[in-house]
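Colleague: Test case, fold it:
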Amino acid sequence: MPKIQTHTPLMGYLLWIFGFIGAHRFYYGKPISGTIYFFTLGLFLIGWLVDLFLIPSMNREADIRFHEGDIDYNLAWILLTFLGLFGIHRLYMGKWISGIIYLLTGGIFGLGYIYDFWTLNNQISLLNGSDLN
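Modeller: Residues are numbered from 1 along each chain as shown. Predicted coordinates:
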């Protein structure tokens with residue numbers, strides 16, 4: 001049985017457009033390099049250009065590492081990237097209390113938003129993995 005993709009190259013390339021802030025690296029579960037890209041504008045745009053060719057391998061690694069399930073990684077990442085300060089991604093994942101708190105506090109004043117960039121893949125993987133029991 002073929003493994004279902006948890007991450008897609010299309011989403012990786014779409015987030016690569018915002019790669020100078022590390023969006024695609026966070027998406028593929030690389031929060032340290034994503035943070036470095038955020039503070040250095042994609043390693044002064046050079047790393048950002050190199051990543052154009054590294055996305056297929058980052059995609060394969062993410063598919064191996066994270067669990068597929070009811071919560072779609074791509075939709076959650078779109079919601080986080082564009083509506084994260086409002087907690088819409090948390091509401092989508094069924095985290096109603098923290099989603100409402102994010103909505104009322106601007107993603108807990110932006111700190112929760114940054115935290116979710118670091119941990120969203122693992123949050124989803126845990127929720128999807130709990131469906132296996």
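Colleague: got a list of what the residue nearest the centre of the chain touches?
Modeller: The C-alpha lying nearest the average C-alpha coordinate of the chain belongs to Tyr27 (C-alpha atoms, centre = their mean; 3.4 Å). For Tyr27, the contacting residues are His7, Met11, Gly12, Leu15, Ala62, Trp77, Asn121, by C-beta atoms under 8 Å, 6 or more residues apart in numbering. For glycine as for every other residue, the C-beta is placed from the backbone atoms N, C-alpha and C.
Colleague: By pLDDT, give me the weakest of the residues you listed.
Modeller: Scanning the contacts of Tyr27 for pLDDT, the low point is Leu15. It has 91.
Colleague: what helix or strand is that residue on?
Modeller: Using DSSP states H and E, Leu15 falls within helix 9-16.
Colleague: Can I get the helix or strand following that helix as CSV, trimmed to CA atoms?
Modeller: For helix 9-16, the succeeding helix or strand toward the C-terminus, using DSSP H and E, is helix 23-27. The C-alpha trace of helix 23-27 is given here as CSV (Å, rounded to 0.1, in the frame of the first residue of the first chain):
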residue,chain,number,x,y,z
ALA,A,23,8.2,29.5,5.6
HIS,A,24,9.1,26.4,3.5
ARG,A,25,11.7,25.3,6.0
PHE,A,26,9.2,25.4,8.9
TYR,A,27,6.7,23.5,6.7
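Colleague: now what about stretch 16-23, what contacts it?
Modeller: The set of residues that contact stretch 16-23 without belonging to it, under C-beta under 8 Å, 6+ apart, is 15, 24-25, 33-38, 41-42, 45, 48, 51-52, 55, 81.
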